[in-house]
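Asks: Give me coordinates for this.
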Amino acid sequence: CALPIFIVTPNPSVSITGSDTVCASQSSYTYTAVSTAGSFSWSATSGTITNPGTGSSVSVNWSGNSGSISVIATDGNGCSSPTATKQITRFNPTVNAGPDVNFCSGATVQIGNAGLPGQTYSWSPVSGLDDASASNPNVTLSNQGSSPQNNTYTVTTSYLGCTNTDEVTVTVNPLPVITLNQAPSFCETAASSALSFASPVGGTYSGNGIANGIFNPVSAGVGTTAVTYDYTNSYGCSSSASSSIIVNANPTVTVSGADTVCASQSSYNYTANSTGNIYNWTVNGGSISNPGNSSAVDVAWNSSGSISVVATDANGCSSLPSSIAALYFNPSVNAGNDVVFCSGTAANIGSTPATGQTYSWNPTGGLNNSTSSNSSITLFNNGSNPINQDYILTTSQFGCTNADTVHITVNPLPVVSAGTLPSVCQSSATVVLNSGSPVGGNYNGTGVSNNSFNPSIAGVGTWNIVYTYTDGNGCVNSANGPLTVHQNPTPSLSSFSTAC
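Replies: Prediction:
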């Protein structure tokens, strides 16, 4: 019989190719068995083979800091290789983006942490960073909105071919938006006032003349005062805004006009000299005849008093008052009592003169002295009705005048006629005279007694007989006429003739 033949085949050999240093940031690594064998049995510690099988390559997700991967190769003869093992070191570079930060718009803060030797860094996004490759860059961001903005920054570090990342949240809070309304203006002597022209309310005003939010124009002084308003919102962010307050100088005013006023003058003009444009006048002892806010007024005085004015300019600032004390003067005058007299007679008008006063009469007709306070007057009335005339006596003293009026009535003289006077004989009886008019007068003349004419007393001749009449006003007038007394004839006898 034949003897069996035994063939001894050598075991296959195997080796593993692939990374022995793996990065935690990489999910999977591929390993390949290098061998002539055709079937492979893989195993891993601290890792997971994601495509198990008998193939020559596998993918491994490593989880530990270190581990190993092993493979046994089996050929077609069923012979297996010794186990090939590769030790794995899993590396994860340290990275720290730092604590979350919260800051106000426009501020600069530092994020990240101190870098480690050998590691490189890269930040994303890069906006606002001063150095995107630094481990701890400064970040400056603005927030123009009204609510916080959250920004996520990621830092990636690299070392030995491995990378790691960390994130930091950067919250940028908005600054408060300050609105400044028109800042008030003040007059230099105005009272202190709380400021309230900025919003949101609750901030702080500062500047010259400001204490605890109250502005004192007197302390600030005339001119422009810079004012700063600071406000901090609920996020702790602060803003400030600046404006200016104008302190206006008060206008000055000086009133000009008469300080001695005459009762005889209807009004006096007073003028305010000022930089203001609105004027408030006050008068005691008189009245303003053209009230208003103008720079000049007319005042009718009725007693001693005063006038004052306060000027207000376009800024609403008012001056101190300027005043004039007015002495009201009215020289005394007395034209006397009204007089009534008859035409052609004299009467006295006026009164005793006062020291220092001058006088004048108007009209001057009939006066014996038109510049005397008491004058004699003689006037004639040739009419039939009374003449009425006012005489005005004007006196002057210290530039003031006064006047008084006396009423003069000049009664006419009665119109008188002696009437028709008779012619009588010397031996005639007494004749009653009664032809005069108006009746009720009296006759006078040679041979007249009790309005009767006695021819025997008068004697022969033509006599002027006067008829005088006094009217109801006491005015007297007279008229005359001739009365002739004829001599009685003397009788004589002629020679008688003889008659049969």
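Asks: for the stretch 351-500 of the chain, what spans make up the helices?
Replies: For the stretch 351-500 of the chain, the helices defined by DSSP state H, counting those that start in this stretch occupy 455-458.
Asks: typo on my end, it should be the chain
Replies: In the chain, the helices defined using DSSP state H lie at 217-220, 455-458.
Asks: Quick check, residue 101 in contact with residue 168.
Replies: Yes. Counting by CB atoms under 8 Å, residue 101 touches residue 168, with 6.9 Å between them. Bear in mind the C-beta positions are built from the backbone N, C-alpha and C, glycine included.
Asks: which one of those two has more residues nearby?
Replies: It is residue 168, of residue 101 and residue 168, that has more neighbours when counted by other CB atoms under 10 Å, with 20 against 17.
Asks: Okay, and the beta partners of the more buried one?
Replies: Under DSSP bridges, the beta-bridge partners of residue 168 are residue 153.
Asks: heads up, I number from 23, so please use that
Replies: That works, and once the first residue is 23, the last one we named lands at residue 190.
Asks: List the residues that contact it.
Replies: Contacts for residue 190 were tallied using CB atoms under 8 Å, 6 or more residues apart in numbering; they are 119-123, 133-134, 174-175, 177.
Asks: Next up, the contacts around the residue most central in space within the chain.
Replies: The chain has residue 338 as the residue nearest its centroid, 3.5 Å off, counting by CA atoms, centre = their mean. Contact analysis of residue 338 by CB under 8 Å, 6+ apart lists residue 209.
Asks: and it, backbone torsions?
Replies: phi 80, psi 10 (degrees, to the nearest 10).
Asks: one step back: same list (the helices of the chain) but as CSV, adding distance to residue 255 and mean pLDDT.
Replies: Shown next, in CSV, are these (distance: least, CB to CB, whole Å; pLDDT from 0 to 100):
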stretch, distance to residue 255, mean pLDDT
helix 239-242, 29, 95
helix 477-480, 140, 94
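Asks: can you list the ones you listed in JSON lines and add distance to residue 393 and mean neighbour count?
Replies: What follows is those, written out as JSON lines (distance: least, CB to CB, whole Å; neighbours: other CB atoms under 10 Å):
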{"stretch": "helix 239-242", "distance to residue 393": "63", "mean neighbour count": "18"}
{"stretch": "helix 477-480", "distance to residue 393": "53", "mean neighbour count": "18"}
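Asks: and of the ones you listed, who's closest to residue 288?
Replies: Within these, the stretch nearest residue 288 is helix 239-242; the backing value is 44.0 Å (CB to CB).
Asks: one step back: in a markdown table: the helices of the chain, plus distance to residue 291.
Replies: Output for the helices of the chain, formatted as a markdown table (distance: least, CB to CB, whole Å):
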| stretch | distance to residue 291 |
| --- | --- |
| helix 239-242 | 35 |
| helix 477-480 | 80 |
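Asks: which stretch among these comes nearest residue 35?
Replies: Between residue 35 and the helices of the chain, the shortest gap by CB to CB is with helix 239-242, which sits at 100.0 Å.
Asks: For the closest one, give me every contacting residue.
Replies: So helix 239-242 is in contact with 208-212, 214, 229-232, 267, 269, going by CB under 8 Å, 6+ apart.
Asks: closest one to residue 25 among the helices of the chain?
Replies: Of those, the one closest to residue 25 (CB to CB) turns out to be helix 239-242, at 130.5 Å.
Asks: From the chain's centre, how far out is that closest one? Work that out for me.
Replies: 19 Å (CA atoms, centre = their mean, to the nearest Å).
Asks: Alpha carbons of that helix, in CSV - could you do that?
Replies: The C-alpha trace of helix 239-242 is given here as CSV (Å, rounded to 0.1, in the frame of the first residue of the first chain):
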residue,chain,number,x,y,z
PRO,A,239,-30.1,130.4,36.1
VAL,A,240,-28.6,132.8,38.6
SER,A,241,-25.7,130.4,39.4
ALA,A,242,-25.2,129.6,35.8
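Asks: What is the nearest of the contacts of helix 239-242 to residue 70?
Replies: Using CB to CB, the contacts of helix 239-242 come closest to residue 70 at residue 229, 72.3 Å.
Asks: Which residue, other than its chain neighbours, is closest to the closest one?
Replies: Among residues not flanking residue 229 along the chain, residue 249 sits closest, at 4.2 Å (CB to CB, 6 or more residues apart in numbering).
Asks: re the thing from before, turn the contacts of residue 190 into JSON lines, columns for pLDDT and distance to residue 41.
Replies: Shown next, in JSON lines, are the contacts of residue 190 (pLDDT from 0 to 100; distance: CB to CB, whole Å):
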{"residue": "119", "pLDDT": "96", "distance to residue 41": "27"}
{"residue": "120", "pLDDT": "95", "distance to residue 41": "31"}
{"residue": "121", "pLDDT": "97", "distance to residue 41": "34"}
{"residue": "122", "pLDDT": "97", "distance to residue 41": "35"}
{"residue": "123", "pLDDT": "97", "distance to residue 41": "37"}
{"residue": "133", "pLDDT": "97", "distance to residue 41": "33"}
{"residue": "134", "pLDDT": "96", "distance to residue 41": "29"}
{"residue": "174", "pLDDT": "97", "distance to residue 41": "31"}
{"residue": "175", "pLDDT": "98", "distance to residue 41": "30"}
{"residue": "177", "pLDDT": "97", "distance to residue 41": "25"}
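Asks: Quick one: those as JSON lines, columns for distance to residue 285 too.
Replies: Below are those laid out as JSON lines (distance: CB to CB, whole Å):
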{"residue": "119", "distance to residue 285": "100"}
{"residue": "120", "distance to residue 285": "98"}
{"residue": "121", "distance to residue 285": "96"}
{"residue": "122", "distance to residue 285": "94"}
{"residue": "123", "distance to residue 285": "91"}
{"residue": "133", "distance to residue 285": "95"}
{"residue": "134", "distance to residue 285": "99"}
{"residue": "174", "distance to residue 285": "96"}
{"residue": "175", "distance to residue 285": "96"}
{"residue": "177", "distance to residue 285": "102"}
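Asks: can you tell me which of the residues you listed lies nearest to residue 93?
Replies: residue 177 (38.3 Å).
Asks: burial count for the closest one?
Replies: Residue 177, neighbours per other CB under 10 Å, totals 25.
Asks: Relative to residue 119, how far out is it?
Replies: Using CB to CB, to the nearest Å, residue 177 is found at 5 Å from residue 119.
Asks: overlap in contacts of these two?
Replies: Common neighbours of residue 177 and residue 119, counting by CB under 8 Å, 6+ apart, are 134, 188-190.
Asks: Going by distance to residue 146, which of those residues wins?
Replies: Taking CB to CB as the measure, residue 146 lies nearest residue 189 of the shared contacts of residue 177 and residue 119, at 10.0 Å.
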